[in-house]
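I would like the atomic coordinates for the input below:
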Amino acid sequence: MVKPARARPLGHADGHTARRDGLVIASHGRHCVVETPEGERVICHPRGKKSQAVVGDRVRWQASEDEGTIEEVLPRKNLFYRQDEIRTKSFAANLDQVLILIAAEPEFSEAQLARSLIAAAAERIAPIIALNKSDVVAPFERAWERLAPYRRMHHGVLPLSLKASPEVDRATLMKLLAGKTTLVLGPSGAGKSTLTNLLAPGARASTAEISQALNSGKHTTTSTTWYWVDDERSTALIDSPGFQEFGLNHIEPMQLAALMPDIAEHAGECKFYNCTHLHEPGCGVIPQVSSPGHPGPISPSRYRIYGELFAELSQSRHR
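Numbering: from 1, shown residues only. Below you'll find the model as predicted:
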């Protein structure tokens, strides 16, 4: 297991002013921790009002007398973020996949799950849904049934019991995560910390070190952090803070259907090219919604979520 490299203390200068490559492994406000290819960690801040770097960004930085300065954020292949009417919250950049961890209890929000999947689809990031606490039998069976529409789509649902069978789950997860950069997302109580500590045993020490570095007077504890899972530094896990809301204001209402696989599958069958799939005659989606006496491939809960999101995003465009 990689031992966390020591962050350079404030006030250190190495006299080297050439631009160097780095990876953002933690951020808070305008400050972040950048890791060099050699494993050195440096506290950096952006120069002037240039775009804020997020965890997962590849950057070019320059040493200064007190802290490093980020001179350039290199082009991203994707950026996973949420956006409401007030602000945009970026989670991480340059991801291979997002692991959405939910649990049998406390009961998860299907609407929040759907929003996370839509945000991932918009950035072409592969999702993995994992349902924790399979050892809690009755709640797990209910949750597993609620996830039937997601199992029917291209999303696999991975059953886990992180506390009851950690070694089995670790082996299963490593097969899915090996060689990739994965953001772990999920509500409080789902087991994100347990999962992170299982896969990256040095996570707590690394977090403490980064927090101590960023807490030097004007900094506060970091919330999104990158961990290397292997000694080769080829497999990475990004732990994210919990959230209560997941705004999708960056999605256009007419984009929505294409980002929901069960809706998208039938959207091409509509009579009108600009069909909203809510009330139009000749819609290919509406007849596929399951109802009593009329089983269909689209679950009522998924269609309801689509309608609510379409209304929410349309309303936000007219304010």
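
I'd like to know which elements the helix or strand of the chain with the lowest mean pLDDT is packed against.
Taking mean pLDDT, DSSP states H and E as the measure, helix 203-214 is the helix or strand of the chain with the lowest mean score, a mean of 73. Counting contacts by 3 or more C-beta pairs under 8 Å, 6 or more residues apart in numbering; DSSP states H and E, helix 203-214 is packed against strand 20-28, strand 31-35, strand 41-46, helix 192-199, strand 224-228. Using the backbone N, CA and C atoms, a C-beta is placed for each residue, glycine as well.

Ser116 contacts Val98, doesn't it?
Yes: contact criterion C-beta atoms under 8 Å: Ser116 and Val98 qualify, at 7.2 Å.

shared neighbours, the two?
With contacts defined as C-beta atoms under 8 Å, 6 or more residues apart in numbering, the residues adjacent to both Ser116 and Val98 are Pro127, Leu185.

Any idea how many residues pack against Leu117?
Around Leu117 there are 21 other residues, counting by other C-beta atoms under 10 Å.

How confident was the prediction at it?
What the model reports as pLDDT for Leu117 is 97.

State the distance from it to Gln212.
36 Å (C-beta to C-beta, to the nearest Å).

need the longest helix for the protein.
helix 300-317 (DSSP state H).

how about the closest residue to Ser291 other than its chain neighbours, what does it touch?
Excluding the flanking residues, the one nearest Ser291 by C-beta to C-beta, 6 or more residues apart in numbering is Pro300, at 6.8 Å. Counting by C-beta under 8 Å, 6+ apart, Pro300 touches Val289, Ser290, Ser291.

Over to Ser240?
Listed by C-beta under 8 Å, 6+ apart, the contact set of Ser240 reads Phe91, Ala92, Leu183, Val184, Leu185, Lys192, Ser223, Thr224.

got the contact list for Cys32?
The neighbours of Cys32, taking C-beta under 8 Å, 6+ apart as the test, are Val24, Ile25, Ala26, Ile43, Cys44, His45, Ala53, Val55, Ile70.

how about 10 Å then?
Each residue near Cys32 by C-beta atoms under 10 Å, 6 or more residues apart in numbering is listed here: 22, 24-26, 42-46, 52-55, 57, 59, 61, 68, 70, 210, 214, 222, 224.

What sits closest to it if chain neighbours are left out?
Distance criterion C-beta to C-beta, 6+ apart; nearest residue to Cys32, sequence neighbours excluded, is Val24 at 5.0 Å.

Could you report the neighbour count for the one you found?
Per other C-beta under 10 Å, the neighbour tally for Val24 reads 26.

Check the one 5 residues further on too.
Around Gly29 there are 12 other residues, counting by other C-beta under 10 Å.

same deal with Ser316?
Here the number of neighbours of Ser316 (other C-beta under 10 Å) works out to 16.

Ala178 too?
Ala178: 11 neighbours (other C-beta under 10 Å).

Glu245 too?
When counting by other C-beta under 10 Å, one arrives at 9 neighbours for Glu245.
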